[in-house]
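Novice: Got a predicted structure here, sequence first:
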Amino acid sequence: MMINATMIGSFTLLGLKDTTAKYRLMLFALTLLCYTVIILVNVALIATIILEEKLHKPMYIFLCNLCFNSLYGTAAFHPKFLFDLLSGTQVISYAGCLLQVFFIYSYAATDFSILAVMSYDRYLAICHPLEYHSIMTKQRVILLVCFSRLVPLISQAVVMIMTSKLTLCGFQIDKLYCDNWSILKLSCYSITLNNIVGFIFILVYTGNALFVLCSYIQLVKFFLKYPQRRRKFLQTCLPHLICLINVSVTLLFDLMYARYGSESMPQSLKNFMAIQFLIIPPMLNPILYGLNLTQVRNSCLRICKCKKQMGGAG
């Protein structure tokens, strides 16, 4: 039966269909704990970078942008998921579904863009230190921050406008959250154009990942030449590489499985792989970067100490 998209009031999410009430309560507690940690560590790192003037440098500004993006992306998933775990039925409005897709996809795309910008910054700082400050000016930093945020937002807006024009023949989504491919599968007509645009954007962000990889190949060559600077690589670049690999693998799995995966895979494993990029990178990035970078760690400890002293004085 053909249903005009504007006539659909809501979608049903089927990701929790086989989950028992006891297991849902355990998931609720774990998810609430994870989301609380995500908020605390990201807000702490953002506040530290904003309050500490000596951290107003390109690397830390890009890191602040990455943490803000984590808060932006996780806010589109965790509150709704927590509500669904306590609810008898898992439904989401048509407009809410499209907005959730937009926020989650733009979050993932922005992560790739920020990581590409950060790799470029590290490459310049380590391989071309004399030219670094003349290249990475205040105006260039602002431009790169805007680029890393606006391009993903515009590209995902195009995708969502195209999706919203579809006539749908169903309203059930076999996931914990809305994703674009699940909506496209419900289309009554050909989605060739949507697929072409989607693959173009996938290629663009694959290009981002390759750019980061090429930057790190150059950095590895540099550190092989100068072994005494290997510690700097481990401190500033290794966390970045771990983050990129984690995001790339989980997103690639989700994209490939959604299109070509087998139905025999357990639902719990599918659910975990689908939400991993909304839990692990937002929680680990501030810890990997923040605690590993001496300046950030010392500034954070100093701010906490000052607050304690002020509290004691009060």
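Specialist: Received it, and whenever you're ready, just let me know what you need.
Novice: so after the lowest-mean-pLDDT helix or strand in the chain, what's the next helix or strand?
Specialist: Every helix and strand in the chain was compared by mean pLDDT, DSSP states H and E; the lowest is strand 3-4, with a mean of 50. Once strand 3-4 ends, the next helix or strand along the chain (criterion: DSSP states H and E) is strand 10-13.
Novice: The helix or strand that that following strand is followed by - contacts with which helices or strands?
Specialist: Counting by DSSP H and E, the element after strand 10-13 in chain order, helix or strand, is helix 21-51. Applying 3 or more C-beta pairs under 8 Å, 6 or more residues apart in numbering; DSSP states H and E, one finds that helix 21-51 contacts helix 58-75, helix 78-86, helix 280-290, helix 294-313. Every residue, glycine included, has its C-beta placed from N, CA and C.
Novice: Find the nearest non-adjacent residue to the residue nearest to the spatial centre of the chain, please.
Specialist: Residue closest to the average C-alpha location in the chain (C-alpha atoms, centre = their mean): residue 108, at 4.1 Å. Distances taken as C-beta to C-beta, 6 or more residues apart in numbering put residue 251 closest to residue 108, at 5.9 Å, once the chain neighbours are dropped.
Novice: Check which helix or strand that neighbour maps to.
Specialist: If you go by DSSP H and E, residue 251 is part of helix 238-260.
Novice: which of the residues in that helix are buried?
Specialist: 239-241, 243-244, 246-248, 250-251, 253-254, 257-258 (16 or more other C-beta atoms under 10 Å).
Novice: quick one, it and helix 280-290 angle?
Specialist: 170 degrees (axes from the mean of the first three to the mean of the last three C-alpha atoms, to 10 degrees).
Novice: counting contacts, what elements does helix 238-260 pack onto?
Specialist: helix 94-127, helix 180-184, helix 192-225, helix 267-275, helix 280-290.
Novice: Distance of the closest residue to residue 169 other than its chain neighbours relative to residue 196?
Specialist: Nearest residue to residue 169, sequence neighbours excluded (C-beta to C-beta, 6+ apart): residue 188, at 4.3 Å. Using C-beta to C-beta, to the nearest Å, residue 188 is found at 19 Å from residue 196.
Novice: cool, and residue 243?
Specialist: Distance check for residue 243 against residue 196: by C-beta to C-beta, it reads 30 Å.
Novice: same check, this time on residue 253
Specialist: Computed as C-beta to C-beta, the residue 253 to residue 196 distance reads 22 Å.
Novice: Output the below-cut-off pLDDT ranges for the stretch 151-300 of the chain.
Specialist: Applying pLDDT under 70 to the stretch 151-300 of the chain picks out residues 227-236, 257-264, 290-300.
Novice: Got the phi and psi for residue 91?
Specialist: phi -120, psi 160 (degrees, to the nearest 10).
Novice: returning to that earlier point: assess the claim that the residue nearest to residue 108 and residue 278 are in contact.
Specialist: No: Residue 251 is not in contact with residue 278 according to C-beta atoms under 8 Å; the separation is 10.6 Å.
Novice: Contact partners for residue 56?
Specialist: Taking C-beta atoms under 8 Å, 6 or more residues apart in numbering, we find residue 56 in contact with residue 49.
Novice: With that, I have no additional questions.
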